[in-house]
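1. Sharing a sequence plus its predicted fold:
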Amino acid sequence: MPKKLAAGNWKMNGLRQALAEVQALHAACPEPTCDVVICPPATLMRSMVKTCADMKIEVGGQDCHENTSGAHTGDISAPMLADTGASYVILGHSERRASYSETDDQINAKTRAAWDAGLTAIVCIGETLDERESGKTLHIVGDQLAGSVPDGATPASLVIAYEPVWAIGTGKTPTLDEIAQVHGFIRESLQTRFGADGLEMRILYGGSMNPINANEIAAIANVDGGLVGGASLKASDFSTIVQVLST
Ligand code: PEP
């Protein structure tokens, strides 16, 4: 069984004072037995890396450009993230797919750029409510997985986050059976494509995970952790999730 991963996506939240939350997380869970990564806004990356230096907490970006440098105003490249001391990057989050029309091809290119820079890519996939209600969930998730993940993925370089778009930031979650079905499907697809390595790749659930539902979600087969938005902002909530994923 892969080691579980608690990944916090801070999105566009957090000023310098928010680093105190990471100190509080460390105080609450000094020795987590799951992996822990926090993905702050770019402005906090370097100070977060410094703050986490002696903690079992890694730092990740929330996106990267597919090129290493160049005329891309406002963008950040994978080597730049790595240069801050980051070790992960979230790619293909549904908010970026929706707001910036990111395609599977682009996410595939960004993932290759992340790997070239030595980063682990957390590639997000998931269906909209319309797609779920019209019975297309596995089709959409299968297509996104095939298109967004390059050949050559390994358990160390790739994490998949299954995030139903309608569950993100809404307080709604799929039923446990629905999560089990999609995670089982993703596992089978990874195994078919990557062989035994596919059994070791982590598949996170994301979408309104919180201290109350984390236990039952974490117990589902093929759920290897969580990608957590809102509940990662407060140490009191995120530490409970880290503790759940550490058991
Ligand atoms: C996310 O942004 O990836 C996410 C899962 O957000 P939330 O936990 O707030 O639904």
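-> It's in.
2. quick one: pLDDT of the residue in the chain that the ligand sits nearest to?
-> Closest to the ligand within the chain is G229: 2.2 Å, counting by Cβ to the nearest ligand atom. Heads up, the C-betas are built off the backbone N, CA and C, glycines and all. On pLDDT, G229 comes in at 98.
3. which residues in this protein form strands?
-> 5-9, 35-39, 58-61, 88-91, 120-125, 158-162, 202-206, 225-228 (DSSP state E).
4. pLDDT on the third one, on average?
-> What it means is strand 58-61. On average, the pLDDT along strand 58-61 is 98.
5. And the fourth one, by the same measure?
-> Confidence for strand 88-91, expressed as mean pLDDT, is 98.
6. likewise the fifth one?
-> Strand 120-125 carries an average pLDDT of 98.
7. And the residue of the chain positioned farthest from its centre, how far from H65?
-> Seen from the C-alpha centroid of the chain, the residue lying at the greatest distance (Cα atoms, centre = their mean) is A71, 27.6 Å away. Going from A71 to H65 by Cβ to Cβ, to the nearest Å gives 11 Å.
8. Could you list the residues of the chain in contact with the ligand?
-> Residues of the chain that fall close to the ligand, judged by Cβ under 6 Å from any ligand atom: 9, 163, 168-169, 206-209, 227-231.
9. Try it again at 5 Å.
-> 9, 168-169, 206-208, 227-230 (Cβ under 5 Å from any ligand atom).
10. so which of the strands of the chain is the most packed in?
-> Ranked by mean neighbour count, these are led by strand 225-228 with a mean of 29 (mean count of other Cβ atoms under 10 Å).
11. quick one: strands adjacent to that strand?
-> Strand 225-228 pairs in its sheet with strand 5-9 (parallel), strand 202-206 (parallel), by DSSP bridges.
12. so where do the helices sit in this structure?
-> Here the chain has its helices, by DSSP state H, at 19-28, 45-51, 78-84, 94-99, 104-116, 129-133, 137-148, 176-194, 197-200, 214-218, 235-245.
13. mind giving me CSV with the strands of the chain and columns for distance to A27?
-> What follows is the strands of the chain, written out as CSV (distance: least, Cβ to Cβ, whole Å):
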stretch, distance to A27
strand 5-9, 16
strand 35-39, 13
strand 58-61, 18
strand 88-91, 23
strand 120-125, 26
strand 158-162, 26
strand 202-206, 25
strand 225-228, 19
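14. Go through these and name the closest to L15.
-> Proximity to L15 (Cβ to Cβ) singles out strand 35-39 among these, at 14.8 Å.
15. ok now the closest one, how far from the chain's centre?
-> When C-alpha coordinates are averaged (Cα atoms, centre = their mean, to the nearest Å), strand 35-39 and its chain have centres 9 Å apart.
16. Counting by contacts, list what that strand packs against.
-> Applying 3 or more Cβ pairs under 8 Å, 6 or more residues apart in numbering; DSSP states H and E, we find strand 35-39 packed against strand 5-9, strand 58-61, strand 88-91.
17. That strand vs strand 5-9, what angle?
-> Taking axes from the mean of the first three to the mean of the last three Cα atoms, to 10 degrees, one finds strand 35-39 and strand 5-9 inclined to each other by 10 degrees.
18. List the pairing partners of strand 35-39 within its sheet, with orientation.
-> When DSSP bridges is applied, strand 35-39 pairs with strand 5-9 (parallel), strand 58-61 (parallel).
19. got the helices and strands packed on strand 35-39 as JSON lines, with distance to L245 columns?
-> Output for the helices and strands packed on strand 35-39, formatted as JSON lines (distance: least, Cβ to Cβ, whole Å):
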{"stretch": "strand 5-9", "distance to L245": "5"}
{"stretch": "strand 58-61", "distance to L245": "14"}
{"stretch": "strand 88-91", "distance to L245": "16"}
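20. between those, which gets nearest to L158?
-> strand 88-91 (10.1 Å).
21. Contacts for the closest one next, please.
-> The contact list for strand 88-91, computed with Cβ atoms under 8 Å, 6 or more residues apart in numbering, reads 7, 9, 37, 39, 58-64, 78, 81, 107, 110-111, 114, 119-124, 148, 159, 161, 227.
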